[in-house]
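Engineer: Build me a structure from this.
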Amino acid sequence: RIYKCLFTGSVSSLLTLPLDILSTENLLADCLQGCFVVTCTLCAFISLVWLREQIVHGGAPQWLEQNQQQPLNGVGQQNEAQAVVNGGVENAVLDQPANPGAENVVVGENPEIQEEQVDEEEEDNEDEEDAVVEDAADANNGAQDDMNWNALEWDRAAEELTWERMLGLDGSLVFLEHVFWVVSLNTLFILVFAFCPYHIGHFSIVGLGFEEYVQASHFEGLITTIVGYVLLAVTLIVCHGLAALVKFQRSRRLLGVCYIVVKVSLLVVVEIGVFPLICGWWLDICSLEMFDATLKDRELSFQSAPGTTMFLHWLVGMVYVFYFASFILLLREVLRPGVLWFLRNLNDPDFNPVQEMIHLPIYRHLRRFILSVIVFGSIVLLMLWLPIRIIKYLLPNFLPYNVMLYSDAPVSELSLELLLLQVVLPALLEQGHTRQWLKGLVRAWTVSAGYLLDLHSYLLGDQEENENNANQQPNNQHARNNNAIPVVGEGLHAAHQAILQQGGPVGFQPYRRPLKFPLRIFLLIVFMCITLLIASLICLTLPVFAGRWLMSFWTGAAKIHELYTAACGLYVCWLTIRAVTVLVAWMPQGRRVIFQKVKEWSLMIMKTLIVAVLLAGVVPLLLGLLFELVIVAPLRVPLDQTPLFYPWQDWALGVLHAKIIAAITLMGPQWWLKTVIEQVYANGIRNIDLHFIIHKLAAPVISVLLLSLCVPYIIASGVVPLLGVTAEMQNLVQRRIYPFLLMVVVLMGILSFQVRQFKRLYEHIKNDKYLVGQRLVNYERKSGKQGTSTAPPQSSQE
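Structural biologist: A predicted model of the protein is given here:
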């Protein structure tokens, strides 16, 4: 409510703020928004602490420390004093945990919270810093003692701060002080890091005359606040330059640190928010003809739901970036180390993107961002737009894909898209065979291109090195670590500077350079583009064509959502390739072994189909139907209307629910269902135990679900009419008995949990009051024999 009051823009809201805080209107919505504000505060504080660690351990940029050596040299303590002053100022400036700053609520980034922290503590740190300059050795010892004392104090405070004291359950009123401080700090955060940057950006946009364009974007608050932070960063760097001119060392360093925080925050927003969004929109624009859509359609969808549209495009862009990075990692496993020197190695232990954000200047980041946009955009053009044009020219009737969403359709296509993304694609891509096939194809292409263009040494290294690759990689790693030891000894800052400024790529291998090398590289790039184009054409046409052909036997000439056809064709292609590779592997073993393998695999496939029908068919259907009866139907269908149930949609949603329940069960405490699921996972498909799965997993789960569905229905339709109630009451009972029984089960679970907790509390109080001691006794068998077994000894209480 404080946040809403500040952003209404009227003075009357400030005057009525105490009454607004105590009112009961919009209570739930305001609580949820307040939880979001507090969460942003906590996340930003954690981010700031982590960023402080990065600056302290990795060292500040060179431009921030280059002017600090002169006054220290004048004092006469060049090395020790400089190190102590740098460490002391960093700790004094950056270590302010008393003010948990937060991310901007509008922007969702960690802003220059540190600036306010350092502003508040600057005067307190002046005397300490002067003492450091006057007596470096004493300050060093004092800093160590202070650090140890702080650690002890924090441990003592953590021991004293319990949940009972925080929530006021111990009878004290200390928690009111905590509530006051949290509200005060969050109010300060909203005022300084949301209100001020927003109005700085707002006044700037109004002054420049861009107000209409910002309002047309439907994200006025977000863009305005980002503009405010950009102007704030420019102001900070200008003030830093002025402070360096007039030799204000403390102010110069303070402004520089604040600028680093703002710069890293804005770069994180650009890397994680803006870049995937650009990729998602570019993918959408290049694939418009594939779905027979126009830019006007996208504009209308954006105006109707701007937030959802931007989020979906950001999500598509993130998936594209993720799979692109995964493919680059696979290329690194095949190619010679040093071929992809222009791409950052995400698996490199020395790679630290935050250190790069801290140390590299803005123009380097801008150049890298533009280059990434060009590379990713060119690949989308090559693998999406150009294949679509070729398909439309060669196969005019093949496109567009039928992916229209009808709100009155009996099957929700969105649920099927979720099913494809959550179940089908992970099951396909997590198979080790698929990744091995892709890696084998890349290796075969690389070998072919290498021999055709005489670039085998450049792409894969020499033959001797390839044979000794397994031995050479640990040696290279060990050598690199040995080389890094002296650098680390000089300080982590020097290590990071060496990483950023090193000349050759990490893990470089020498190669033989053939004649006309640039021409061969150009031909290699052309060959690679042609290969990617052909691969994209095959991926866009073959699965869909196979799926349409197979689906035509089932549905005839009716148009089907391409999600079905693509998934069906993809699985058929995968199974075909898998069967061919298995047969090729079995061929040298003879006909008898092949028949034996076919018999074993047929039996295993039959078992797997039975298990799939039970666990992937019956259980998700019952689960989705139960979820529909308990949650969806009471919320969406009024009492005077009859709910309609679609089994196909219930099954699709039930698969997702079953997957979520299984994941939660595996993460939860140990009980019979978790033990059974872990045993099924451990056995796998090859050693599938049909009797165990049916007896221990399928039968109990299906029985519980059937009882949950049938018992309320029998009560509502068989028992209630015998009581002679009215038709309206019968309808009410039929429609509300499922959520009512769910509430009863939840209450019973909570009560049983509380009873167990009270029993434990009773035992704990009894032991504290009356327990004298504990004594170990030997374990004895029931038959009376003295036990020398390995059973654990039990304790007796007296």
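
Engineer: Do you have the strands of the stretch 301-450 of the chain handy? List them.
Structural biologist: Assigned strands in the stretch 301-450 of the chain: none (criterion: DSSP state E, counting those that start in this stretch).

Engineer: My error: substitute the chain in the last question.
Structural biologist: Taking DSSP state E, the strands of the chain run over residues 774-777, 794-797.

Engineer: among these, where is the model least confident on average?
Structural biologist: When those are compared on mean pLDDT, strand 794-797 scores lowest, with a mean of 46.

Engineer: roughly how far out does stretch 297-312 sit from the chain middle?
Structural biologist: 23 Å (C-alpha atoms, centre = their mean, to the nearest Å).

Engineer: Show the low-confidence segments of the protein, by residue range.
Structural biologist: Scanning the chain with the threshold set as pLDDT under 70 gives 9, 66-172, 404-432, 463-508, 783-798.

Engineer: Walk me through the domains of it.
Structural biologist: As assigned by the TED database, the chain contains the domains 248-400, 602-740.

Engineer: Throw those into CSV and include mean neighbour count and distance to residue 769, thanks.
Structural biologist: Placement of C-beta: from N, CA and C, glycine included. Putting the domains of the chain into CSV (neighbours: other C-beta atoms under 10 Å; distance: least, C-beta to C-beta, whole Å) gives the following:
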stretch, mean neighbour count, distance to residue 769
domain 248-400, 16, 54
domain 602-740, 15, 30
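
Engineer: Distance to residue 563 added to those, as JSON lines?
Structural biologist: Shown next, in JSON lines, are these (distance: least, C-beta to C-beta, whole Å):
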{"stretch": "domain 248-400", "distance to residue 563": "12"}
{"stretch": "domain 602-740", "distance to residue 563": "11"}
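
Engineer: for these, which one sits closest to residue 48?
Structural biologist: The minimum distance between residue 48 and the domains of the chain falls on domain 248-400, with 7.3 Å, by C-beta to C-beta.

Engineer: What separates the first and last residues of the closest one, distance-wise?
Structural biologist: 66 Å (C-alpha to C-alpha, to the nearest Å).

Engineer: you'd agree residue 388 is up against residue 290?
Structural biologist: Yes - assessed by C-beta atoms under 8 Å, residue 388 is found in contact with residue 290 at 5.2 Å.

Engineer: which neighbours do those two share?
Structural biologist: Counting by C-beta atoms under 8 Å, 6 or more residues apart in numbering, the residues touching both residue 388 and residue 290 are 399, 540.

Engineer: and residue 615, what is it in contact with?
Structural biologist: Taking C-beta under 8 Å, 6+ apart, we find residue 615 in contact with 658, 693, 697, 698.

Engineer: Would you check which pair of these lies furthest apart?
Structural biologist: Farthest apart among the contacts of residue 615 by C-beta to C-beta are 658 and 693. That separation is 14.5 Å.

Engineer: Out of the domains of the chain, flag the one nearest residue 526.
Structural biologist: So among the domains of the chain, domain 248-400 is nearest, using C-beta to C-beta, at 11.5 Å.

Engineer: now that closest one, how far from the chain's geometric center?
Structural biologist: Here the centre of domain 248-400 is set off from its chain's centre by 16 Å, with C-alpha atoms, centre = their mean.

Engineer: try stretch 594-609
Structural biologist: Distance, centroid of stretch 594-609 to centroid of chain: 40 Å (C-alpha atoms, centre = their mean).

Engineer: got it, and stretch 542-553?
Structural biologist: The answer for stretch 542-553 is 35 Å, by C-alpha atoms, centre = their mean.

Engineer: for stretch 661-672, same thing?
Structural biologist: So, by C-alpha atoms, centre = their mean, the centroid of stretch 661-672 is 22 Å from its chain's centroid.

Engineer: Stretch 655-673 too?
Structural biologist: Worked out by C-alpha atoms, centre = their mean, stretch 655-673 lies 21 Å from the chain centre.

Engineer: Kindly report the same for stretch 41-52.
Structural biologist: Taking mean C-alpha positions (C-alpha atoms, centre = their mean), stretch 41-52 and its chain are 18 Å apart.

Engineer: quick revisit: save the contacts of residue 615 as a markdown table, and put in distance to residue 356 too.
Structural biologist: Formatted as a markdown table, the contacts of residue 615 follow (distance: C-beta to C-beta, whole Å):
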| residue | distance to residue 356 |
| --- | --- |
| 658 | 43 |
| 693 | 51 |
| 697 | 49 |
| 698 | 52 |
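
Engineer: what sits against the closest residue to residue 729 other than its chain neighbours?
Structural biologist: Leaving aside its sequence neighbours, residue 729 sits nearest to residue 720 (C-beta to C-beta, 6 or more residues apart in numbering; 7.6 Å). For residue 720, the contacting residues are 729, 730, 733, 734, by C-beta under 8 Å, 6+ apart.

Engineer: now, which of those sits nearest residue 271?
Structural biologist: Nearest to residue 271 among the contacts of residue 720, with distances taken as C-beta to C-beta, is residue 734, at 54.2 Å.

Engineer: what's near enough to touch the nearest residue to the closest one once chain neighbours are set aside?
Structural biologist: Leaving out its chain neighbours, the residue that sits closest to residue 734 by C-beta to C-beta, 6+ apart is residue 716, at 4.3 Å. Going by C-beta under 8 Å, 6+ apart, residue 716 touches 730, 733, 734, 737.

Engineer: make it 7 Å
Structural biologist: 733, 734, 737 (C-beta atoms under 7 Å, 6 or more residues apart in numbering).

Engineer: pretty sure the last one contacts residue 714?
Structural biologist: When you say that, I think you mean residue 737. No - Residue 737 is beyond contact range of residue 714, at 10.2 Å (criterion: C-beta atoms under 7 Å).

Engineer: picking that back up, tell me which of the contacts of residue 615 fall in helices.
Structural biologist: Those of the contacts of residue 615 mapping onto helices are residue 658, per DSSP state H.

Engineer: Relative to residue 264, which of the contacts of residue 615 is nearest.
Structural biologist: Among the contacts of residue 615, and counting by C-beta to C-beta, the member closest to residue 264 is residue 658, at 41.8 Å.
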